[in-house]
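*Asks:* I need the structure of the sequence given here:
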Amino acid sequence: MRSLWILLPAVAALFLGAPAKSDRAYSVETLAEGLERPWGMAFLPDRGDLIITLRGGGMVLWSAEHGVTEIEGAPRVVSQGQGGLLDVAVGPDYADRGVVYLAWVDRVEGGTTTHVGRARLDRGAGALTDLEVLHVVTPGMPGGGHFGSRIVFHDGFLYAGFGDRNSKDFTANHISQDLGSENGSVIRLTLDGEIPADNPFVDQEGAAGAIWSYGHRNIQAMTVHPETGAIWLAEHGESGGDEVNIVQRGGNFGWPLASFGVNYRDGSRFSPPHQPGDGFIAPAHHWPAGRTEHFPPSGMAFYTGEAFADWQGHLMIGNLYHRYLGLFSESDGELVEVARLLDGEGLRIRDVAVGPEDGFIYVLADGPGAPLLRLVP
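*Replies:* The predicted structure follows:
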């Protein structure tokens, strides 16, 4: 296993004053540099190491002992536009089988689409083996936008959220409103990729049985609430109107028939905002339209560690455009932003995770030559 980057000590050690509405300061440690367009990361439970995807198709492993090393055997991908090797998640069966789950984009009839699969991680060989495709999102479409592609596990099932492939049809014919299409939806599968018999649309003629919820635009973050077990997601809106949603079985979240966003081209409104009685599930939280206040999200996690005791139960969401990690207090689904972590560092935030052993906050930046950071008290 060839080392690509050395582990950097806490050379950043950049002390930041206490964020607004928080009495806890933190410092920033740079764990690795030079990551080429990283997208997803997940902790391995046996050693506390991080497995990281690179959108161009590679994978690496970060460990405190060895820094960053290559992982061979990643799936072939199409990395045009927003596509490529996207999320990675450690399966609940990892302890028995060493299995990790992946989302990536590849060619199919009609264009490209997201694939969900799994492989065994051979730590000794530094490679993935026995790569298996579990699900291919239908239909495939031309273009390179809005693949979404986050993965979480809950109650023994796999949930994955996808984008609407940047369709500009703002009518009821939009692909996110078509139950025959898995684009713009959250799907639910068994760990073997089968469609559970209790999925909401299994028996509906013409509907895709894998769909769990629909009416989404571009899902870029998913996590499970540590107390309620509900699946939370964050998705991009149209020129603002970004949303945090709490997923419901069979729920229609309205895109594009109900939206707080506006048209990118001229700022016009193409649909009314969510409102009571419209038949759609309103977001738990949304941001206004326009580029000054919007919050294009990527990566989210509830803080459950001990290192930052004042942040217990808070939700962290990466902000791509305004380049900070948002920290939100949460109570009964209500969110209030209380701090902007890493604000001023100029980093697009791609993913965030909480160290299972140390309770520190691990942050993956976006773009060519991006760093892996760690926030410590």
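*Asks:* Give me the below-cutoff pLDDT ranges for the stretch 51-200 of the chain.
*Replies:* Along the stretch 51-200 of the chain, no part satisfies pLDDT under 70.
*Asks:* Show me where it has its helices.
*Replies:* 94-97 (DSSP state H, counting those that start in this stretch).
*Asks:* the strands in it, which residues?
*Replies:* Per DSSP state E, counting those that start in this stretch, the stretch 51-200 of the chain has strands spanning 59-63, 67-71, 85-90, 99-108, 111-122, 127-136, 148-154, 157-162, 185-189. These are given in chain order.
*Asks:* Starting from the fourth one, tell me which strands it pairs with and how they run.
*Replies:* I take that to be strand 99-108. Note on strand 99-108: by DSSP bridges, its sheet partners are strand 85-90 (antiparallel), strand 111-122 (antiparallel).
*Asks:* can you list the ones you listed in JSON lines and add distance to residue 360?
*Replies:* For the C-beta atoms, the positions are set from N, CA and C on the backbone; glycine is no exception. Shown next, in JSON lines, are the strands paired with strand 99-108 (distance: least, C-beta to C-beta, whole Å):
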{"stretch": "strand 85-90", "distance to residue 360": "18"}
{"stretch": "strand 111-122", "distance to residue 360": "23"}
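*Asks:* which of these sits most buried?
*Replies:* Burial of these is given as mean neighbour count (mean count of other C-beta atoms under 10 Å); strand 85-90 ranks first at a mean of 25.
*Asks:* Run the chain-centre distance for that strand.
*Replies:* Between the centre of strand 85-90 and the centre of its chain there are 9 Å (C-alpha atoms, centre = their mean, to the nearest Å).
*Asks:* just to revisit the earlier point, how about the strands of the stretch 51-200 of the chain in JSON lines, adding distance to residue 262?
*Replies:* Output for the strands of the stretch 51-200 of the chain, formatted as JSON lines (distance: least, C-beta to C-beta, whole Å):
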{"stretch": "strand 59-63", "distance to residue 262": "38"}
{"stretch": "strand 67-71", "distance to residue 262": "41"}
{"stretch": "strand 85-90", "distance to residue 262": "27"}
{"stretch": "strand 99-108", "distance to residue 262": "28"}
{"stretch": "strand 111-122", "distance to residue 262": "27"}
{"stretch": "strand 127-136", "distance to residue 262": "33"}
{"stretch": "strand 148-154", "distance to residue 262": "21"}
{"stretch": "strand 157-162", "distance to residue 262": "23"}
{"stretch": "strand 185-189", "distance to residue 262": "24"}
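*Asks:* Give me the most central residue, the chain.
*Replies:* In the chain, the centroid-proximal residue (C-alpha atoms, centre = their mean) is residue 221; its distance is 3.0 Å.
*Asks:* didn't it look like it was pressed against residue 296?
*Replies:* No: using C-beta atoms under 8 Å, residue 221 is not in contact with residue 296; the gap is 10.4 Å.
*Asks:* overlap in contacts of these two?
*Replies:* Both residue 221 and residue 296 lack any common contact, where contact means C-beta atoms under 8 Å, 6 or more residues apart in numbering.
*Asks:* Which residues are in contact with residue 132?
*Replies:* Per C-beta under 8 Å, 6+ apart, neighbours of residue 132: 117-119, 193.
*Asks:* Report the beta-bridge partners for it.
*Replies:* Residue 132 has these beta-bridge partners by DSSP bridges: residue 118.
*Asks:* Name the residue most distant from the centre of the protein?
*Replies:* residue 205 (30.6 Å).
*Asks:* just to revisit the earlier point, okay, the contacts of residue 132 in a markdown table with distance to residue 375 next?
*Replies:* Output for these, formatted as a markdown table (distance: C-beta to C-beta, whole Å):
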| residue | distance to residue 375 |
| --- | --- |
| 117 | 32 |
| 118 | 31 |
| 119 | 30 |
| 193 | 36 |
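*Asks:* now, which of the residues you listed sits nearest residue 96?
*Replies:* residue 118 (13.0 Å; C-beta to C-beta).
*Asks:* Confirm for me that residue 159 is in contact with residue 231.
*Replies:* Yes: when contacts are counted by C-beta under 8 Å, residue 159 is listed as touching residue 231 (5.8 Å).
*Asks:* shared neighbours of these two, anything?
*Replies:* Common neighbours of residue 159 and residue 231, using C-beta under 8 Å, 6+ apart, are 152, 186, 222, 247.
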